[in-house]
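> Show me how the following folds:
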Amino acid sequence: VLSLEQTKTIQAAKIKKLKKKVKKLKGKKKKKKKKKRIHGVGGVTTGEDVEHDAIVAESVEAIVTATTPQISKDELTLAQTLMEIK
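Prediction:
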């Protein structure tokens, strides 16, 4: 009789543990499904579009860096000093 009660409690604990695991897995499945739905809202992009965007971004960065010269105060004072010496 005692072993029968222990068996029932062990089985109940296993069932509870398995139900918890199933619930957790269903939650993960819902999250994945939701992420896919959110990700798919923007539409599917082809590899060509991605490559084109990357090339455009690189050219914009190159143009921006070329148009902004970096002159420090030391360089200006050095240039002024050289002009005064001449």
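> Look up which helix or strand Gln80 falls in, please.
helix 73-85 (DSSP states H and E).
> Residues touching that helix, excluding its own?
For helix 73-85, contacts defined as Cβ atoms under 8 Å, 6 or more residues apart in numbering pick out no residues. Placement of C-beta: from N, CA and C, glycine included.
> I'd like the mean pLDDT over it, please.
Mean per-residue pLDDT for helix 73-85: 76.
> just for this protein, where's the confidence low?
Residues of the chain that meet the criterion pLDDT under 70 lie in 1, 37-73, 86.
> where do the helices sit along it?
Secondary structure of the chain by DSSP state H: the helices cover 2-41, 47-67, 73-85.
> I'd like the C-alpha coordinates of the helix holding Gln80 written as CSV, please.
Extracted in CSV, the C-alpha atoms of helix 73-85 (Å, rounded to 0.1, in the frame of the first residue of the first chain):
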residue,chain,number,x,y,z
LYS,A,73,44.6,75.2,-34.3
ASP,A,74,48.3,74.2,-34.3
GLU,A,75,48.3,73.9,-38.1
LEU,A,76,46.7,77.3,-38.4
THR,A,77,49.2,79.0,-36.1
LEU,A,78,52.0,77.2,-37.9
ALA,A,79,50.7,78.5,-41.3
GLN,A,80,50.4,82.0,-39.9
THR,A,81,53.9,81.9,-38.5
LEU,A,82,55.3,80.7,-41.8
MET,A,83,53.5,83.5,-43.7
GLU,A,84,54.9,86.1,-41.3
ILE,A,85,58.5,84.8,-41.8
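> Residue numbering should commence at 694 henceforth.
Sure, I'll start numbering at 694, so the last one becomes helix 766-778.
> buried set for stretch 701-709?
By neighbour count on 16 or more other Cβ atoms under 10 Å, the buried set for stretch 701-709 is empty.
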